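Enquirer: Provided below for reference: sequence and predicted model.
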Amino acid sequence: MEHPIKVSLKNAFEVFVRVKDTENYWISNYGRCVNNLNHKDKNTFYMHKQGNVHLTVFEIEHYERTIAKGKRKGEKISETNRYRREAAPDILVAESFLVQYKGRERVWHKDGDFANNWYKNLIYVSKNDFAELKAGRMTLDSLELEQEYIEYQNRASEKAYHVYYSIRKRCMEGENRPGCYAHVEMWRGGLMSRSYL
C-alpha cells in the first residue's frame, strides 16, 4: 500500500494504492484517482474527476531488446513503452480492492448509483447478469453472490498509533518519567491508571 504525498484523505479509512501496470497513478478505495505524471515535482498530484466518468491512464511496459545495427550492435538495452488506457474509476477500484472470480468480469454498483465507487459498493458479476441487472429484469439479491474485498492498512492510522504509543510510553516510565508527566494519567477502557495501560 502506498499513500501519495500531499493528498488529503476523505477519512481515516481511505487508502490509495498504485494502479496496476502504472508508475504515476493511484486509486483509492473511494474511487478517487490521482497522478503525478506531468509534474516535475513528483510530490504534486493531480486529482481526476470523480463519479461516473472515464479516466485516461498511461500504463507502462518494460522490455529488453538487442541493438541490430551500429557500433553497439548486439548490446542489450532496456526500454519502456507507455500505453494509453481508458478506464472508469469503478474498474480501477475493482482491480485493486476486489477479488475477481472466474466468469465474473463486469463490475456492478450494489446501490445502483454508478457515481458511488466506494469499494464495498462494488461487486463482480457476469456479463449476462450485468445486462439483466441494468435492464431491471433481476435484482442483486436474487443472484445471491458473495464478494471478497482486499483490505490494505492505512499508513495514516499508523502515524496516529505511533503518537499514541509514544505518549503512553512517557506516561508509564514510572520513576524515569519526565517531570512534566509526573501527574499524567491515561484513560483506557474504563481503567485509569499510571501503571496498567
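Expert: Looks like it came in fine.
Enquirer: make it CA atoms for all contacts and neighbour counts henceforth
Expert: Noted.
Enquirer: My read is that residue 18 contacts residue 32, right?
Expert: No - taking contacts as CA atoms under 8 Å, residue 18 lies outside contact range of residue 32: 11.8 Å.
Enquirer: Mind checking which of these two has more residues around it?
Expert: residue 32 (24 against 21; other CA atoms under 10 Å).
Enquirer: And that one, what's its pLDDT?
Expert: pLDDT recorded at residue 32 is 95.
Enquirer: where do the strands sit along this structure?
Expert: 16-18, 25-28, 33-35, 46-47, 55-66, 76-87, 106-109, 122-125, 186-188, 191-193 (DSSP state E).
Enquirer: who does the first one pair up with?
Expert: For strand 16-18, the paired strands and their directions (DSSP bridges) are strand 25-28 (antiparallel).
Enquirer: isn't residue 87 right next to residue 55, touching?
Expert: Yes - Residue 87 is in contact with residue 55 according to CA under 8 Å; the separation is 5.2 Å.
Enquirer: ok, the nearest residue to residue 101 once chain neighbours are set aside - contacts?
Expert: Among residues not flanking residue 101 along the chain, residue 124 sits closest, at 7.4 Å (CA to CA, 6 or more residues apart in numbering). By CA atoms under 8 Å, 6 or more residues apart in numbering, the contact list for residue 124 reads 94, 98, 100, 101, 104, 105, 106, 107, 108, 147.
Enquirer: Which of those residues are buried, as a ChimeraX select command?
Expert: Per 16 or more other CA atoms under 10 Å, the buried members of the contacts of residue 124 correspond to this ChimeraX selection:
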select :94,98,100,106,107,108
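Enquirer: Nearest to residue 132 among the contacts of residue 124?
Expert: residue 108 (11.1 Å; CA to CA).
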